[in-house]
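A.B. asks: Sequence below, structure please.
(2 chains)
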Amino acid sequence: MQDEFHEEWLRDEPCDATTTGRICTGVTSLLAVSASADNREHEIRNTAHATSAEQYDRLIRFLWAYCPTLESVAVSCPFHFGRGSMTPACRTPYELYSKESGKSYGNQPLSICDESFTPLEVRYDLASVRGQITRKMIEDGPNNMWRYLPLLPIPEGFEPDLPVGFTPLVRAKNLGKRVGSTNLYVKNDAVCFPRLSFTDRVVAGARANAQSFGFDVGGCSSTGNLANSGAAQAARLGLRACILVPADLEPAKILNTLVYGARLVRIDGNYDHVNRLCSLIADQYNWGFVNVNLRPYYAEGSKSVGFEIAEQLGWRLPDNVVVPMAGGSLIRKIKKAFDELVFLGLVEAKPVRFFGAQATGCSPISCAVKANTETITPQRPNTIARSLAIGNPADGPYASRMIREVGGYAEDVSDVEVVAGIQELAETEGIFTETAGGVTTAVTARLLAQGRIGAQELTISVITGNGLKTLDCLSGRFDLGRAVRPRLADFEQYLEELDASIAPVQSKEPELVPAD
Amino acid sequence: MSIRVMLPAAFARHTAGTKQVESAASTLPLLVDDLGVKFPQLGAHIRDEDGKLRKFINVYVNDEDIRFLGGDTYEFQDRDEVMFIPSIAGGC
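C.D. replies: So this is what the prediction gives:
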């Protein structure tokens, strides 16, 4: 017999469910638990055991029928897990709620609390699956983000078939030598399927819910990557897509959206203008906007980055995570993923510091962190890192609060450093990232140079997009050289010319150096 | 002097479905007060504990974020179109 009741304080984050625990190994166990008003004490009302799936189902029905005051049922059910299945029977109950007002909204296409006007979040009854979700169960799952499906808000009946996520976690020894770290890893979502960015993860979750809610048109406002992912996955699911982007978006990201047959509308304004328009469109049209009315579900897909980091490290947490910030969502969701794994007993708890990365030309969250406040002062974006160019980030206040609470920090870097970061990562690790990844790499280098991150601390640099999408930022950076005649002598002469021409390049602006 | 105030669906629950209203308020704090008079339920929800407009509500004047125009000190012009919109997230 085991007795593994978790501590009450764990309820504050990530869920507020009642206290539960697994009390028996080898059979299904159910505890019906009622929490007292102040949520500090619990009382066990019923304890029962089942030895088959049939008994388990009967027990569930019995408890709900005879325990009208029941607040939660904790279940350990080993009967329904299939090896390699994309759709495990085990799922964690979830619902929308407001952190500010505490109001619950069930599950519906809604992103704003109508009492506090704050963004809605998804909360889970994690206590009900504690002990049921195991490392082995996850490891036996598919080699993509759906191995974590029990911890994502995916509706019953949706059967994912796109192998999204589970991207490489790369030991970055060479980059580490350049920037002063002996324990640096790169989480490489530049190779995420299908559209080569982390947004494939969030769109996958949002699309699942769009289908469930009956939308036949999927939309989004995008700084580029989301447009690509949204268009590709809408095509796959047979949904029509209408995607709005700032008119000055990189040509590659526009073409990478149009090729899927999506309707793309270029808006004469920046991302914040596009986003505002989308919220008005969502009022008038019955469309599933992945980052408007489906936003709470969409954002949860980001948690898979955190789950993967922990699993790929051998079920442990890092010391530091450096994450690019646009709206400020991803950094919080990685933290949420770590918290959930700790809550479920899948990793040991430890302090993890989170560091946000922005471009100086659009740095409202890093400015707030440096000013030690969660008040966001909006900015007009002016940076080549367009995928991070959100001047009025909705999750900014929460991101700033979380970063400061865990002892992290945020930095921003110039566009020159962004390009240098892209080149450093490519030259040292063979990973070609877009401008957002250049931001993250350059900020990681700066944080190490500042001593905010220690050289031996296990640090993850999160790369969220592929360099093929922002080729224009490298325009003019390289000399293509002359064409050489196909003769060995000409080739050797050309090599001599190249060797002779190598000389230190004097940059007008220092690259990848710490700020004063 | 009169301005037109636009209230998206998220606010209409507290205005009995009204999505557009005229106001003679000259600044944002006075407009928030005026909305509280016209729609008491809305007034109770759009203010925080300090009586200020909640930080997750964005205000646009003729498509420009009011914070770029001076925020609370900006003086509305006749026929300004003022829009209240909750923050919408995106990107990473």
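
A.B. asks: so how many other residues sit close to the closest residue to A:Ser111 other than its chain neighbours?
C.D. replies: Counting by Cβ to Cβ, 6 or more residues apart in numbering or on different chains, A:Ser111 lies nearest to A:Arg295, which is 4.1 Å off, once chain neighbours are set aside. No exception for glycine: its C-beta is placed from N, CA and C like everyone else's. Residues near A:Arg295, counting by other Cβ atoms under 10 Å in any protein chain shown, number 28.

A.B. asks: Test for you: state the pLDDT assigned to A:Arg295.
C.D. replies: In this model, A:Arg295 is scored at 93, pLDDT.

A.B. asks: So it sits against A:Glu121, correct?
C.D. replies: No: with the criterion set as Cβ atoms under 8 Å, A:Arg295 and A:Glu121 do not qualify as a contacting pair; they are 10.0 Å apart.

A.B. asks: What residue in the stretch 351-500 of chain A comes nearest to chain B?
C.D. replies: Using Cβ to the nearest Cβ, A:Ala394 is the residue of the stretch 351-500 of chain A that sits closest to chain B, at 3.6 Å.

A.B. asks: Neighbours of that residue, how many?
C.D. replies: Considering only other Cβ under 10 Å, A:Ala394 is surrounded by 27 other residues.

A.B. asks: Surely it is in contact with A:Thr118?
C.D. replies: No: counting by Cβ under 8 Å, A:Ala394 does not reach A:Thr118; the two are 9.3 Å apart.

A.B. asks: okay, and the common contacts of those two?
C.D. replies: Listed contacts common to A:Ala394 and A:Thr118 are B:Phe56; contacts here mean Cβ atoms under 8 Å, 6 or more residues apart in numbering or on different chains.

A.B. asks: what about A:Ala299, helix or strand, and which?
C.D. replies: Taking DSSP states H and E as the definition, A:Ala299 sits inside helix A:295-300.

A.B. asks: mind saving the C-alpha coords of that helix as PDB?
C.D. replies: What follows is helix A:295-300, C-alpha atoms only, in PDB (Å, rounded to 0.1, in the frame of the first residue of the first chain):
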ATOM      1  CA  ARG A 295      -7.000  31.700 -27.800                       C
ATOM      2  CA  PRO A 296      -7.100  29.900 -24.400                       C
ATOM      3  CA  TYR A 297      -6.900  26.500 -26.200                       C
ATOM      4  CA  TYR A 298      -4.400  27.700 -28.700                       C
ATOM      5  CA  ALA A 299      -2.000  29.000 -26.100                       C
ATOM      6  CA  GLU A 300      -2.000  25.700 -24.200                       C
END
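
A.B. asks: quick one: contacts of that helix?
C.D. replies: A:96, A:110-111, A:119-122, A:152-153, A:202-203, A:205-206, A:208-209, A:289-291, A:329, A:333, B:88-89.

A.B. asks: Distance-wise, check A:Tyr124 relative to A:Cys113.
C.D. replies: As judged by Cβ to Cβ, to the nearest Å, A:Tyr124 and A:Cys113 stand 18 Å apart.

A.B. asks: what about A:Tyr105, which SS state?
C.D. replies: Classification of A:Tyr105 using DSSP: H, G, I helix; E, B strand; the rest coil returns strand.

A.B. asks: what residues are up against it?
C.D. replies: Applying Cβ under 8 Å, 6+ apart, the residues near A:Tyr105 are A:Glu95, A:Leu96, A:Tyr97, A:Ser98, A:Cys113, A:Leu120.

A.B. asks: and which of those is nearest chain B?
C.D. replies: Nearest to chain B, judged by Cβ to the nearest Cβ, of the contacts of A:Tyr105 is A:Cys113 at 8.5 Å.

A.B. asks: For the closest one, which non-adjacent residue is closest in space?
C.D. replies: Per Cβ to Cβ, 6+ apart, closest to A:Cys113 is A:Ser98, 3.6 Å.

A.B. asks: ok, which stretches of the stretch 251-400 of chain A are helices?
C.D. replies: For the stretch 251-400 of chain A, helices defined by DSSP state H, counting those that start in this stretch occupy the ranges A:251-258, A:271-284, A:295-300, A:303-312, A:330-343, A:364-370, A:396-405.

A.B. asks: how about the second one: buried residues?
C.D. replies: To tie it back to what came earlier, the one meant is helix A:271-284. Within helix A:271-284, the residues that qualify as buried are A:Tyr271, A:Asp272, A:His273, A:Val274, A:Asn275, A:Arg276, A:Leu277, A:Cys278, A:Ser279, A:Ile281, A:Ala282, counting by 16 or more other Cβ atoms under 10 Å in any protein chain shown.

A.B. asks: can I get these in a markdown table with distance to chain B and pLDDT?
C.D. replies: Converted to a markdown table, the buried residues of helix A:271-284 look like this (distance: Cβ to the nearest Cβ, whole Å; pLDDT from 0 to 100):
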| residue | distance to chain B | pLDDT |
| --- | --- | --- |
| A:Tyr271 | 7 | 84 |
| A:Asp272 | 7 | 81 |
| A:His273 | 7 | 88 |
| A:Val274 | 9 | 90 |
| A:Asn275 | 5 | 86 |
| A:Arg276 | 6 | 87 |
| A:Leu277 | 10 | 91 |
| A:Cys278 | 7 | 90 |
| A:Ser279 | 5 | 86 |
| A:Ile281 | 11 | 91 |
| A:Ala282 | 8 | 87 |
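
A.B. asks: Give me the distance between A:Tyr260 and chain B.
C.D. replies: Counting by Cβ to the nearest Cβ, to the nearest Å, the separation of A:Tyr260 from chain B is 20 Å.

A.B. asks: Distance of that residue relative to A:Arg295?
C.D. replies: According to Cβ to Cβ, A:Tyr260 and A:Arg295 sit 22 Å apart.

A.B. asks: Residue numbers of chain B in contact with chain A?
C.D. replies: Residues of chain B lying close to chain A by Cβ under 8 Å from any Cβ of the partner chain are B:8-11, B:13-14, B:45-46, B:54-58, B:60, B:63, B:65, B:67-68, B:83, B:85-92.

A.B. asks: taking these one by one, which sit in strands?
C.D. replies: Among these, DSSP state E puts B:Ile57, B:Asn58, B:Tyr60, B:Asp65, B:Met83, B:Ile85, B:Pro86 in strands.

A.B. asks: quick one: low-confidence ranges for chain B?
C.D. replies: B:88-91 (pLDDT under 70).

A.B. asks: How far does the longest helix along it sit from its chain's centre?
C.D. replies: If you go by DSSP state H, chain B has its longest helix at helix B:28-38. Relative to the centre of its chain, helix B:28-38 is centred 8 Å away, using Cα atoms, centre = their mean, to the nearest Å.

A.B. asks: Stretch A:457-465 now?
C.D. replies: Its chain's C-alpha centre and that of stretch A:457-465 lie 12 Å apart, by Cα atoms, centre = their mean.

A.B. asks: how many neighbours does the residue nearest to A:Asp248 when sequence neighbours are not counted have?
C.D. replies: Nearest residue to A:Asp248, sequence neighbours excluded (Cβ to Cβ, 6+ apart): A:Arg386, at 7.6 Å. Neighbour count of A:Arg386, defined by other Cβ under 10 Å: 30.

A.B. asks: Quick one: residues contacting A:Arg386.
C.D. replies: So A:Arg386 contacts A:Thr223, A:Gly224, A:Pro246, A:Asp248, A:Leu249, A:Glu250, A:Thr435, A:Thr470 (Cβ under 8 Å, 6+ apart).

A.B. asks: Check these for burial and list the buried ones.
C.D. replies: A:Thr223, A:Gly224, A:Pro246, A:Leu249, A:Glu250, A:Thr435, A:Thr470.

A.B. asks: Which members of those occur in helices, if any?
C.D. replies: A:Thr435.
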